[in-house]
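J.: Mind looking at a prediction? Sequence and model below.
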Protein chains: 4
Amino acid sequence: MSKGSVVLAYSGGLDTSCILLWLKEQGYEVIAYLANIGQDEDFDAARKKAEKLGAEKVFIEDLRSEFVQEFIWPALQANAVYEDRYLLGTSIARPCIARRQVQIARREGAQYVSHGATGKGNDQIRFELTCYALYPQVQAPWSMDANLMHISYESGILENPKNHAPPDLYQMTKNPEDSPNEPDVLEIHFAKGVPVKVRHVKEGTCKETPLEIFCYLNEIGGKHGVGRIDIVENRFIGMKSRGIYETPGGTILLHAHLDIETFTMDREVRKIKQSLGIKFSEFIYNGFWYSPECDFVRHCIDKSQESVEGCVQLSVFKGQVYILGRESPKSLYNEELVSMDVQGDYDPCDASGFIRINAVRLREHNRLQGAAQKKL
Amino acid sequence: MSKGSVVLAYSGGLDTSCILLWLKEQGYEVIAYLANIGQDEDFDAARKKAEKLGAEKVFIEDLRSEFVQEFIWPALQANAVYEDRYLLGTSIARPCIARRQVQIARREGAQYVSHGATGKGNDQIRFELTCYALYPQVQAPWSMDANLMHISYESGILENPKNHAPPDLYQMTKNPEDSPNEPDVLEIHFAKGVPVKVRHVKEGTCKETPLEIFCYLNEIGGKHGVGRIDIVENRFIGMKSRGIYETPGGTILLHAHLDIETFTMDREVRKIKQSLGIKFSEFIYNGFWYSPECDFVRHCIDKSQESVEGCVQLSVFKGQVYILGRESPKSLYNEELVSMDVQGDYDPCDASGFIRINAVRLREHNRLQGAAQKKL
Amino acid sequence: MSKGSVVLAYSGGLDTSCILLWLKEQGYEVIAYLANIGQDEDFDAARKKAEKLGAEKVFIEDLRSEFVQEFIWPALQANAVYEDRYLLGTSIARPCIARRQVQIARREGAQYVSHGATGKGNDQIRFELTCYALYPQVQAPWSMDANLMHISYESGILENPKNHAPPDLYQMTKNPEDSPNEPDVLEIHFAKGVPVKVRHVKEGTCKETPLEIFCYLNEIGGKHGVGRIDIVENRFIGMKSRGIYETPGGTILLHAHLDIETFTMDREVRKIKQSLGIKFSEFIYNGFWYSPECDFVRHCIDKSQESVEGCVQLSVFKGQVYILGRESPKSLYNEELVSMDVQGDYDPCDASGFIRINAVRLREHNRLQGAAQKKL
Amino acid sequence: MSKGSVVLAYSGGLDTSCILLWLKEQGYEVIAYLANIGQDEDFDAARKKAEKLGAEKVFIEDLRSEFVQEFIWPALQANAVYEDRYLLGTSIARPCIARRQVQIARREGAQYVSHGATGKGNDQIRFELTCYALYPQVQAPWSMDANLMHISYESGILENPKNHAPPDLYQMTKNPEDSPNEPDVLEIHFAKGVPVKVRHVKEGTCKETPLEIFCYLNEIGGKHGVGRIDIVENRFIGMKSRGIYETPGGTILLHAHLDIETFTMDREVRKIKQSLGIKFSEFIYNGFWYSPECDFVRHCIDKSQESVEGCVQLSVFKGQVYILGRESPKSLYNEELVSMDVQGDYDPCDASGFIRINAVRLREHNRLQGAAQKKL
């Protein structure tokens, strides 16, 4: 007699295959679900494997476009970076994958969802918080055994934070030492803070849909070895872990977006938006994509992007992204005002008054503290 | 009859030479002051030129060590970066230069100080705020004419933010296209958040004083083209300007410091310290190095650095800095706790409880808003 | 020959009467403008006085409704309080008054606007920043003489921060010692974070338009001596000043709004909104009502108020506002979930897991620092 | 055979008496521990009761002085208030009580600690996090039954947030309707941000030790009905709860401290310190008194209090605290500078320059957005 249905986020790998079998043994009916979010995978082979292991149904879902538009783009608008370095590639994939899984569970009447994330990581949390937020009645019979299977040579070595990453670890990016000796120069066009066109200046190649843009930037960035980082990060559950990431397309876009944003956004709005972006990154990292605070901050960041429009020229070369120039119809840059050669209606006496008023507080402080001398 | 004495921050260049002459014509006695903060300059020639133009006295002051220790190191501890990109090289030099200028003015009994910074920039503000903070009675007869002289071909071209920087602009860093095809691997040792030793792993070269460390990292970074940026930034006076900077040594240190800091600092302390660092950067950029708020934030940041200790290995190559590994006696990283292969005393059931409690709020929100469905 | 037209913000008092005369003597045509924002004033007498002093035209404008709806309500939504205490009554009146003045100047083709605010205060800044923001071409021939006229016995005494305010200073609020010995109990209904109805529970009095609501709360608050504060505050220009304020209606609304907001708003959204409200208060205080940052923050705060709906019962008595109870159709309060008498689906084991996971970081910290003992 | 020793935080009430019995039945040896933190309690009777129920040992500990000095004073320095209203009276008592309990457990070689806090509240978390932080090896056999016993008539009524609190609920404060018709005027002297003397101006009564000061302010505040609040708050575990608090002495001190702090602290330091105080309040509320982040923030706040020194005069009357005046040797208030009657060396032209420079950004924004018209 069946204990009910489980939608299992199935990867085709050893871990989730074991979970599939284990769930069957426990008396569950298993619906295998494979999310295509752009990973390199033989989906047909995975389907066959799942069926062979006894899955009642197998769903292979192409989430690539919605992943780019609904998850990567908002993170980009926020310049979302966790702890100054990590671009949150995994963190934003989890809610995207779990959302579809919950949709399938609702549609198929499954009471359970299951995943292969291990118990010491962030991904269990991201996965389960999304499920609870979107499908409050659901349960997650996640198996402790999963992490006993998660043994990999690389992981073992990298757990010592002093050890260097083996050179053949990286799969999306070329080693900069072996990358081309000629840069590629791109033009990235933005509207409302998201890329709407990428053009290769020399070759003339143009990409205009979100998925194509992102894949193309991954290709160019990967070719030049862009976006590799080796960091120690703080997990939500309170331990430090070492992570190695490669984010070629995301890194190019982060540079370009930072540039066009500062070019078009008011200084004080930028400051507030920066602090919202830091909060947003933390929410995402901790698994709160579907939460009132994330909704609220996303709304505010969206608002800030209304005038983030224009074109950035950049060069990609040997692991680096160099901004070359930018232009925008919505720029707040005023060439005449800033020019050293043009006086314009900027009166230098105003600057003196501005400085003296700013100094009122400093002078008072030093007069009363008698601290000026001490400092010299 | 003399109008009094002026200590003029003299560079030897056209601008400040004109100011020197103009001040003489106005009836001031001029004391020329040249600060050596590591720029490439023929100080003897400048001294002769100042004397020839009529300076009463000429002081050439070597500020390099105090610049590194008292200004660069605190900025590094703060990971000080303005608007996510600018490492504040000029902003922290101004208070260092102005402090000594004020000391000279006090010692020599000069009532005035003067500088060659132009009226549309940040440097006038940084300079004058420092003087007012440290020497409240001083005056600054800054001449508007200075910026009429400040005409340079480069500046003209760069004022259009779309124009690319000419390739021969950079002076400290090699073009990455022409830089070596072999990386240099360094070990940087930190104590209390500042570097105390740099070692070239292959060559064995060691540097242990602040000035030597910083110069050596400039050399290595420069050789590999590290630290070039082309940005638009928001000036304190409310206009956007385009700036091109190269900060080879500072960029290497920022990467290394970020790494060792995250490795050794508690997650929540890090968050607070990050927001203090953002504020600190803004204060510095705006010229408030000598201010109660800067003093306060520096004190707090100092406190946060007590355990920032250890060694980072990194590779410098083609404009990039790659972190390779790190170790520290004060690390909060616990290899056994985080290991996927060791259960330890971490109970996976706790994570489930943790997640379910975190979900209480999300479930309530969705139950009451009836929003769950809508989102799917 | 006329030097042009000036729209003068005329109060009918000595200061601005002198400015009117002085402007005439300087050769300007003066348009007198009196804003009715609810102050106690004989507007007819003021009109006659202005005409007698030589004003070309006199405009008396009733701004009370727009002041309540467009300025007080947004400040209320933000819980706007400067430096933890000042409810910003003057700060939000300035942009309201100046906006209409600019409208008149545009309509009448006047090139100048003028006001009577003194040179050491915040109001000059608030006034002039608004004018520059809304009418960039305008000029403000503000007269230094104004503050020489601004001599008042009270002001003299209060400038010593140790002196107590004289008991007859207050005009809107009764001395609590003389106020009624019976409280008034009110019900305030909110929608989208602003009051839409006030009901006196015993008397049944009802007010439903913004202006009526605010005036009625001023009346009730004034009768019970609510909203008096004596503070030292930090002006934008960098000096500390002593201010005495009475804000009866605003104080009642702040208490009520805080209550209904916490009742209906998610905890994490509240935190972010709180920090935005602090920034908003500072912007307003400093005169930046019309600025990109204020627009942005207002938009975000508006968004946060969507579910701030419901009714608060409170009692007003002897200078105090006591919250008695609240209800809301949009509340996130779940009586069953929080009840000590009902287990519900809240599993206490989850709390233990939650705590143990939160303690992972603390235990690591103490283990590695060996600090636990030291603290005991 | 004993399962080991438990140190039970025993209150003498029904809940913890039941837990004592239950622990005995389970085979534990129970050490009863009563903390005197100023509550109204017959400690002798409680000791006898515990002995009668079978406690091996009973410890009654007077923690009042350390509670005031080590917990209340730091919270006061921070102006610690949770969600704008709650003064955290319970939150700061928990770590104080738990710290001694852990000390006893260590000394007596007990492996367990136990408390009577219920599973839906914050106090379990505060208690257990403190124990884990200070005594990582300890365990807490907290009994789920406790909250089934926690049934009280009041609690039942108050769980409906609309119901008014019954008038006889309050124990520390008089109903303001029945309080004296004459105010008491006090002088509170501060040094380094904490009160060092309280003087009753008329009666001359003086209190100079922390415990006496706080008890005296509780007495005066209680007599006048100061510090009652009825709020809905957000618990750490994600649910909203309704709380009614009375904090007479703490409320008086908060008003006085806010005043002397703003009087003596630089504006920009105050802003940073305010945001640190908000974080500190949240940490305390959530149970993280003993944590790296709390240590760090306390250190920073301490630093900010160095010049918070001086005397505040205030009047306490009918539930309210009115600041009357203040003085300080460390004040940054400059009577001459701020005076409307004295020009001093403040040049009004500087203000115009200050304003025009601040307007550069606003003018640019409006010029480019063409938004000025739209707003009018």
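T.: Sure thing, it's come through.
J.: From now on I want contacts and neighbour counts done on CA atoms only, so please keep to that.
T.: Noted.
J.: mind checking how far residue A:261 is from residue D:190?
T.: Residue A:261 sits 48 Å away from residue D:190, going by C-alpha to C-alpha, to the nearest Å.
J.: residue ranges with poor pLDDT in chain A?
T.: A:1, A:117-121, A:139, A:141-156, A:340-345, A:370-376 (pLDDT under 70).
J.: Up against chain D, what does it have?
T.: With C-alpha under 8 Å from any C-alpha of the partner chain as the criterion, chain A meets chain D at residues A:266, A:330-332, A:334, A:349-357, A:361, A:364-365, A:368.
J.: rerun that using 10 Å as the cut-off
T.: Neighbours of chain D within chain A, by C-alpha under 10 Å from any C-alpha of the partner chain: A:265-268, A:307, A:329-334, A:337, A:346-358, A:360-362, A:364-369.
J.: List buried residues within the residues you listed.
T.: Buried members of these, scored by 16 or more other C-alpha atoms under 10 Å in any protein chain shown, are A:265-268, A:307, A:330-334, A:337, A:346, A:348-358, A:360-362, A:364-368.
J.: and the helix or strand harbouring residue A:360, does that touch chain C?
T.: Residue A:360 is located in helix A:348-369, with elements delineated by DSSP states H and E. Yes - figure legend: helix A:348-369 in contact with chain C (C-alpha under 10 Å from any C-alpha); contacting residues A:354, A:356, A:357, A:358, A:359, A:360, A:361, A:362, A:363, A:364.
J.: for that helix, packing partners?
T.: Judged by 3 or more C-alpha pairs under 10 Å, 6 or more residues apart in numbering or on different chains; DSSP states H and E, the packing partners of helix A:348-369 are helix A:371-375, helix B:123-134, helix B:292-304, helix D:348-369.
J.: who wins for proximity to residue D:183 among these?
T.: helix B:292-304 (38.5 Å; C-alpha to C-alpha).
J.: tell me what the closest one is packed against?
T.: Using 3+ C-alpha pairs under 10 Å, 6+ apart as the contact test, the elements touching helix B:292-304 are helix A:348-369, helix B:73-77, helix B:267-286, helix D:267-285, helix D:292-304.
J.: got the domain boundaries for chain A?
T.: Chain A breaks down into these domains under automatic domain parsing: A:5-62+A:88-134, A:151-327.
J.: Now the terminal residues of the shortest one, how far apart.
T.: The one in question is domain A:5-62+A:88-134. 18 Å.
J.: try stretch A:138-158
T.: Stretch A:138-158 end-to-end distance (C-alpha to C-alpha) = 35 Å.
J.: Turn the helices and strands packed on helix B:292-304 into a markdown table, columns for distance to residue A:69.
T.: What follows is the helices and strands packed on helix B:292-304, written out as a markdown table (distance: least, C-alpha to C-alpha, whole Å):
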| stretch | distance to residue A:69 |
| --- | --- |
| helix A:348-369 | 45 |
| helix B:73-77 | 37 |
| helix B:267-286 | 29 |
| helix D:267-285 | 35 |
| helix D:292-304 | 37 |
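J.: Pick out the residue of the stretch 151-300 of chain A closest to chain B.
T.: Nearest residue of the stretch 151-300 of chain A to chain B: residue A:162, at 4.3 Å (C-alpha to the nearest C-alpha).
J.: Isn't that residue up against residue B:331?
T.: No - the pair residue A:162 / residue B:331 is not scored as a contact, 11.6 Å apart, by C-alpha atoms under 10 Å.
J.: So what's the gap between stretch A:197-210 and the chain middle?
T.: Distance of stretch A:197-210 from the chain centroid (C-alpha atoms, centre = their mean, to the nearest Å) equals 22 Å.
J.: Show me what counts as buried in it.
T.: For stretch A:197-210, using 16+ other C-alpha under 10 Å, the buried residues are A:197, A:198, A:199, A:200, A:206, A:207, A:210.
J.: Select from these every entry located in helices.
T.: Among the buried residues of stretch A:197-210, the members found in helices (DSSP state H) are residue A:210.
J.: all strands for chain A, in order.
T.: Ranges of strands in chain A, per DSSP state E, are A:5-9, A:29-36, A:57-62, A:112-114, A:184-191, A:194-200, A:206-207, A:228-234, A:240-246, A:310-317, A:320-327.
J.: quick one: which of these is nearest residue B:78?
T.: Closest approach to residue B:78 among the strands of chain A is made by strand A:228-234 (18.2 Å; C-alpha to C-alpha).
J.: Could you confirm whether the closest one reaches chain B?
T.: Yes - using C-alpha under 10 Å from any C-alpha, we find that strand A:228-234 touches chain B at A:228, A:229, A:230, A:231, A:232, A:233, A:234.
J.: Which single one of the residues you listed is nearest to residue A:48?
T.: Closest approach between the residues of strand A:228-234 next to chain B and residue A:48, by C-alpha to C-alpha: residue A:228, at 34.3 Å.
J.: what is the closest one paired to in the beta sheet?
T.: residue A:246 (DSSP bridges).
J.: show me what contacts it?
T.: Going by C-alpha atoms under 10 Å, 6 or more residues apart in numbering or on different chains, residue A:228 touches A:170, A:172-176, A:222, A:244-248, A:251, A:319, B:322-323.
J.: And these, which is closest to chain C?
T.: The closest of the contacts of residue A:228 to chain C turns out to be residue A:244 (C-alpha to the nearest C-alpha; 22.1 Å).
J.: From residue B:79, how far out is the residue lying closest to residue A:12 once chain neighbours are set aside?
T.: Of all residues not flanking residue A:12 in the chain, residue A:46 sits nearest, at 4.8 Å (C-alpha to C-alpha, 6 or more residues apart in numbering or on different chains). In this view, residue A:46 and residue B:79 are 46 Å apart by C-alpha to C-alpha.
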